[in-house]
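[1] A predicted structure for the sequence below; I have some questions about it.
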Amino acid sequence: MSNDTNVDDPPEDGADAGTDEEQSQSPARSQSQEREQQGRESEPESDRQGERSPPESDGDRRDDVDDGDEFDDPIDEFEPESTEDDDDIETVDDLGSTVDVDPGVEIDEENAEDDLLGGLKVDTTSDIEVPDRLVDQVIGQDEARDIIIKAAKQRRHVMMIGSPGTGKSMLAKAMSQLLPQEDLQDVLVYHNPDDGNAPKVRTVPAGKGEQIVDAHKEEARKRNQMRSILMWIIIAIVLAYAILMAGNILLGILVAGIIWLIFRYTSRGTDAMVPNMIVNNGDQRQAPFEDATGAHAGALLGDVRHDPFQSGGMETPSHDRVEPGSIHKSNKGVLFVDEINTLDVRTQQKLMTAIQEGEFAITGQSERSSGAMVQTEPVPCDFIMIAAGNLDAMENMHPALRNRVKGYGYEVYMEDTIEDTPEMRRKYARFIAQEVERDGRLPHFEREAVEELILEAKRRSGRKNHLTLHFRSLGGLVRVAGDIARAEDKDHTTRDHVLQAKRRSRSIEQQLADDYIERRKDYELQVTQDGVEGRVNGLAVMGEDSGIMLPVMAEIAPAQGQGQVIATGQLKEMAEESVQNVSAIIKKFSDVNLSEKDIHIQFVQAGQQGVDGDSASITVATAVISALEDIPVDQSIAMTGSLSVRGDVLPVGGVTHKIEAAAKAGCDKVIIPKANEQDVMIEEEYEEMVEIIPCSNISEVLDVALEGEPKKDSLVDRLKQITGSAFEGNQSAVGSGSNPSPQ
Ligand SMILES: Nc1ncnc2c1ncn2[C@@H]1O[C@H](COP(=O)(O)OP(=O)(O)OP(=O)(O)O)[C@@H](O)[C@H]1O
């Protein structure tokens, strides 16, 4: 591959990509650049109407690329248009770092702390200014944002790991806006007269490629025109001679036909001289951003199409069949690969080579295709890779590829929540304005609608004083609410629209959970009244945002041999372990000889998914103790909490959704771990329906859940003694019904 200013001639040899400046910027590319220093170029014989230029040294290619004046004829007249004037995108030197963007609205600083909009004095989101640059639109993720800015400056690769919808691809796109546009190049592939299966490659400054192709086409057109004229003159002479001199018109027609055929088939050669522009950055206003998520080898690494007519003058020249891959299209820009672990190992290895070399030859990816015979000179692919994925992406990523990213870049973990501050709430209001503007059709949101969405962001965070950073799903809510307002032909989206949207945009898990609850009501499987021995209403989470009530039943039966704990209901590993922990406590404090008994524990209708996690261990303990002691459990209570082997109730996830599920199912009280008390952010409508009882040890749980007084020296009584001190201390919390509001 070569890169010089003699734009219309393919070079004979040499390999290059990048510039001296890039050399200092991208250590990953040092090998290719060393080669590039040695690369030589010369013009081919075929193209230049007899003109030849001697091979010339590449020297400093930066100069070559930037200097369009030395273009040879006939391209000289096609000076590339300057791209500087219309480049209004800031370069990395004036990035402005992570300075906060002014929302363009007055702020009531005094009341900012208590105001859900952080003191923003706005009536609707149309009053809020949306920043132009994508990097300024990113909310939260300060570390990732700083890294992206730094990596854009230093041309480093980045690996972003985190939950979906937290801004990974947004940051990658933002990075492409930060890269300098003036480095962009067009890539042309030329026919190689010496070896038809080894097309030559040349890079030229962005915008110049199109001019070269046009010039070649024009040249080819003129050449064809000349040939046509010549052909018709010869045919006319032949016909005239045949008629006038030989007197044989048939012979004349025959010869004319042969001449026509000869001209027709030999004319294909002139078209072959037109280069194939595989990367065209002529119209690019910013460095390219290529999303190669889930791309197969051809789309990622480039391909050469199959040619069904491989001979007889019908074939398509190999350079015309070359297709660029994402790695080539993202040259000087950003290659974004989400779920990088889904790329097969060979593709990951090739990607690694491309990163290392900064250039990668294109060949046919299918072994059976005629394209596999073709291999171009190396094509530049000096991209910055942003690899993204969830935590498991790291495990399955090729270790050497990860090592490349680590060695020449940064790794960053995306945050899921951010502290709730007035400044952050102002940014959330701006997020809604951003989403409305991006969509282009949604009515702007009224102040109350924004407040409701910020409340929802708090709720979805699942942590006190935090806001969720799962913006994709929050953006989904904005769009549904806006769509409802639009369908009603309203000028603005109101709080009511947001509430409707929340009901409408329930996740599949929420819809399933609601369906379960309905069905259980039909079959009277849901017991929420009276006391039942050995039965406890447990609570579980489905998906990310939905709770479900899951009864647990325990039965004690005489053992056939050695007594054992038998748990059914598709328990997963963690849940099984929690059952073992519970049985440890019971064995220790019960005077019943458990070696003679089997303890059966059933997770009733746990469903297809099975039970994961240990958040049901207080439920299991309560059910078993109730069955052992023959004390009924109050069925108006539901509970969630993990249990330590010493009887402490430990915090669990998803308490808000679980409490809401218990309320929906008809329970009056919900026992939760005391440590989770601050995470409760239930919807207003459920606040009146349930009393929340935080507990810190199993004794407190039993005290609330079991009906009637425990007998002296019973298991319940003994448990009270071991957890007595903690129990005394937390007595006040029990039954207090503390019910934190969403705010
Ligand atoms: N931090 C953020 N600030 C502002 N908007 C955001 C942020 N994160 C996500 N968004 C919004 O959510 C949309 C989706 O985010 P994005 O595609 O970047 O997520 P992602 O992390 O790449 O998810 P995935 O891994 O599923 O591809 C963005 O287009 C943007 O509108």
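    Structure received. Numbers count the residues shown, from 1 in each chain.
[2] contacts and neighbour counts: CA atoms only from here.
    OK.
[3] so Ala112 makes contact with Lys121?
    No. Between Ala112 and Lys121 there is no contact, the gap being 10.0 Å when judged by C-alpha atoms under 8 Å.
[4] more crowded one of the two?
    The neighbour comparison of Ala112 against Lys121 (other C-alpha atoms under 10 Å) goes to Ala112, with 19 against 15.
[5] for that one, give its distance to the ligand.
    Counting by C-alpha to the nearest ligand atom, to the nearest Å, the gap between Ala112 and the ligand amounts to 21 Å.
[6] in which helix or strand does that residue reside?
    Applying DSSP states H and E as the criterion places Ala112 outside every helix and strand.
[7] leaving out chain neighbours, which residue sits closest to it?
    Ranked by C-alpha to C-alpha, 6 or more residues apart in numbering and with sequence neighbours excluded, the top spatial neighbour of Ala112 is Gly119, at 4.0 Å.
[8] now the one you found: phi and psi?
    Backbone dihedrals for Gly119, given as degrees, to the nearest 10, come out at phi 90, psi 10.
[9] contacting residues around it?
    Ile107, Asp108, Glu109, Glu110, Asn111, Ala112, Glu113, Pro422, Arg426 (C-alpha atoms under 8 Å, 6 or more residues apart in numbering).
[10] let's see that with 7 Å instead.
    Remark: with contacts taken as C-alpha atoms under 7 Å, 6 or more residues apart in numbering, Gly119 is in contact with Ile107, Asp108, Glu109, Asn111, Ala112.
[11] which residues does the first one form a beta bridge with?
    By that I understand Ile107. On the basis of DSSP bridges, Ile107 is bridged to Leu120.
[12] what about it, neighbour count?
    By the other C-alpha under 10 Å criterion, the neighbourhood of Ile107 contains 16 residues.
[13] what residues does the stretch 401-550 of the chain put near the ligand?
    Phe431, Phe471, Arg472 (C-alpha under 6 Å from any ligand atom).
[14] now with 8 Å, please.
    By C-alpha under 8 Å from any ligand atom, the residues of the stretch 401-550 of the chain that approach the ligand are Phe431, Gln434, Glu435, Arg438, Leu469, His470, Phe471, Arg472, Ser473, Leu474, Gly475.
[15] so who does the fifth one touch?
    Spelled out, that is Leu469. Thr166, Asp416, Thr417, Ile418.
[16] phi first, then psi, for the last one.
    In terms of degrees, to the nearest 10, the main-chain angles of Ile418 are phi -140, psi 150.
[17] show me the contacts for it.
    Remark: with contacts taken as C-alpha under 7 Å, 6+ apart, Ile418 is in contact with Gly140, His466, Leu467, Thr468, Leu469.
[18] and of the residues you listed, the nearest to the ligand?
    Distance ranking of these against the ligand, using C-alpha to the nearest ligand atom, places Gly140 first at 5.5 Å.
[19] quick check: pLDDT value at the closest residue to the closest one other than its chain neighbours.
    The spatially closest residue to Gly140, leaving aside those adjacent along the chain, is Ile418, at 6.7 Å (C-alpha to C-alpha, 6+ apart). Predicted confidence (pLDDT) for Ile418: 93.
[20] again, but for Asp64
    On the pLDDT scale, Asp64 gets 36.
[21] likewise for Asp496?
    Predicted confidence (pLDDT) for Asp496: 93.
[22] what residues sit buried inside the host helix or strand of it?
    Mapping Asp496 onto the secondary structure by DSSP H and E places it in helix 495-504. By neighbour count, with 16 or more other C-alpha atoms under 10 Å as the criterion, the buried positions of helix 495-504 are Arg495, His497, Val498, Leu499, Ala501, Lys502.
[23] please tell me how far the third one sits from Gly119.
    So that's Val498. To Gly119, Val498 is 21 Å away according to C-alpha to C-alpha, to the nearest Å.
[24] spell out, range by range, the helices that occur in the stretch 351-500 of the chain.
    Assignment of helices within the stretch 351-500 of the chain using DSSP state H, counting those that start in this stretch yields the ranges 391-396, 399-407, 422-439, 447-461, 471-487, 495-504.
[25] what is the second one packed up against?
    Read that as helix 399-407. Other helices and strands packing on helix 399-407, by 3 or more C-alpha pairs under 7 Å, 6 or more residues apart in numbering; DSSP states H and E, are strand 157-161.
[26] let's see it at 8 Å
    With contacts defined as 3 or more C-alpha pairs under 8 Å, 6 or more residues apart in numbering; DSSP states H and E, the secondary structure elements packing on helix 399-407 are strand 157-161, helix 345-357.
[27] looking at the protein, which strand is longest?
    Longest strand in the chain by number of residues, with DSSP state E as the criterion: strand 546-558.
[28] just give the nearest non-adjacent residue to Pro288, would you?
    Distances taken as C-alpha to C-alpha, 6+ apart put Gly333 closest to Pro288, at 4.7 Å, once the chain neighbours are dropped.
[29] to clarify, my last question referred to Asp320.
    Nearest non-adjacent residue to Asp320, counting by C-alpha to C-alpha, 6+ apart: Asn276, 5.6 Å away.
[30] isn't the one you found right up against Asp186?
    No. Because the distance of 10.7 Å does not satisfy C-alpha under 8 Å, Asn276 is recorded as not touching Asp186.
[31] quick check: domain ranges of the protein?
    Dividing the chain into domains by automatic domain parsing, as the record does, gives the ranges 101-132+417-504, 214-272, 516-730.
[32] one step back: so which of the contacts of Leu469 comes closest to the ligand?
    Within the contacts of Leu469, the smallest distance to the ligand is 4.0 Å, found for Thr166 (C-alpha to the nearest ligand atom).
[33] check contacts around that closest one.
    Met414, Glu415, Asp416, Leu469, His470, Phe471, Arg472.
[34] return the subset of those residues lying in strands.
    Using DSSP E, no member of those falls in strands.
[35] biggest helix in the protein, by residue count?
    Using DSSP state H to define each element, the chain has its longest helix at helix 208-240.
[36] elements contacting it?
    Under the contact criterion of 3+ C-alpha pairs under 8 Å, 6+ apart, helix 208-240 touches strand 185-190, helix 249-266, helix 268-272, strand 276-279.
[37] reformat those as CSV; add mean neighbour count.
    Output for the helices and strands packed on helix 208-240, formatted as CSV (neighbours: other C-alpha atoms under 10 Å):
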stretch, mean neighbour count
strand 185-190, 27
helix 249-266, 15
helix 268-272, 16
strand 276-279, 22
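[38] out of these, which gets nearest to the ligand?
    Comparing those against the ligand with C-alpha to the nearest ligand atom, the closest turns out to be strand 276-279 (25.4 Å).
[39] and the average pLDDT for the next helix or strand after that closest one is what?
    Using DSSP H and E, the next helix or strand after strand 276-279 towards the C-terminus is strand 289-291. Regarding strand 289-291, the rounded mean pLDDT is 92.
[40] which strands or helices does strand 289-291 pack on?
    Judged by 3+ C-alpha pairs under 8 Å, 6+ apart, strand 289-291 is in contact with helix 168-178, helix 326-329, strand 334-337.
[41] can you lay out these as JSON lines showing mean neighbour count and distance to Asp146?
    Output for the helices and strands packed on strand 289-291, formatted as JSON lines (neighbours: other C-alpha atoms under 10 Å; distance: least, C-alpha to C-alpha, whole Å):
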{"stretch": "helix 168-178", "mean neighbour count": "24", "distance to Asp146": "10"}
{"stretch": "helix 326-329", "mean neighbour count": "28", "distance to Asp146": "25"}
{"stretch": "strand 334-337", "mean neighbour count": "28", "distance to Asp146": "17"}
